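Undergrad: Coordinates for the following, if possible.
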Amino acid sequence: MDRIRRRLPSAGLVAWLTVVWVLLWGDVTLANVVNGIILGTLVAVLLPLPRVTGLGAFRPLAAAVLVGRFAVDAVRGALEVAAVAFRADPPRSAVVRVPLRSHSDVILASTAGLTSLIPGSVVVEAHRLTGVLYLHVFDVAGEDLEGAVERVRRTVLAQEERLMRALSSDAELADAGYRPGWRVGSGEIDAASGEERS
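TA: Model (predicted):
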């Protein structure tokens, strides 16, 4: 019985597919709605979507921090790219490898998307099996190249942490090495000892 229940599509998915069907036809008629329900049910049963992991919780305060910090980073990135246009020396670009801490495909894709939306960096590859992002950074300014690259890594990992605190369960946070809760930077857990790192 559980197997049959798992194969049944959710009403929300069928409703969404029905809306898409009606919008494609551009006319709300009884026939379009009925055909949309039938086709939506068939598509959902014959082509089921894989289960999504990485969305174990939703924390409104952490989501507000995520959105606010993203807006600040986007404005700062735009100003930094604009400043490069007025600089005498050309920008020094780099490709930076950033291993993420989460094992969730959703967090990997969301981190890649948010990082690419901030001016000055673009994700050129997201390696799903290893959880590694490769970013092309427009300008790694400064004398210390290693320090600039490390700042990029820390920025991406902070973005991932904010996403996880907004969308991941406490177990997923602990699995990634973070102390559970909504507050960003509330401490990391040392995998070997279980003690909190500063």
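Undergrad: which residues does the residue nearest to residue 16 when sequence neighbours are not counted contact?
TA: Sequence neighbours aside, residue 40 is the residue nearest to residue 16 in space, at 7.7 Å (criterion: Cβ to Cβ, 6 or more residues apart in numbering). Backbone N, C-alpha and C define where each C-beta goes, glycine included. Shown in contact with residue 40 (Cβ atoms under 8 Å, 6 or more residues apart in numbering): 9, 13-18, 21.
Undergrad: Need the buried ones from those residues selected in PyMOL.
TA: Selecting only the buried members of these in PyMOL, with burial defined as 16 or more other Cβ atoms under 10 Å, works like this:
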select buried, resi 9+14+17+18+21
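Undergrad: May I see the contacts of residue 40 organised as JSON lines, with distance to residue 94, secondary structure and pLDDT added?
TA: As requested, the contacts of residue 40 are exported to JSON lines (distance: Cβ to Cβ, whole Å; DSSP: H, G, I helix; E, B strand; the rest coil; pLDDT from 0 to 100):
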{"residue": "9", "distance to residue 94": "46", "secondary structure": "coil", "pLDDT": "75"}
{"residue": "13", "distance to residue 94": "42", "secondary structure": "helix", "pLDDT": "82"}
{"residue": "14", "distance to residue 94": "47", "secondary structure": "helix", "pLDDT": "88"}
{"residue": "15", "distance to residue 94": "46", "secondary structure": "helix", "pLDDT": "90"}
{"residue": "16", "distance to residue 94": "41", "secondary structure": "helix", "pLDDT": "87"}
{"residue": "17", "distance to residue 94": "43", "secondary structure": "helix", "pLDDT": "89"}
{"residue": "18", "distance to residue 94": "48", "secondary structure": "helix", "pLDDT": "92"}
{"residue": "21", "distance to residue 94": "46", "secondary structure": "helix", "pLDDT": "91"}
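Undergrad: Many thanks, we can stop here.
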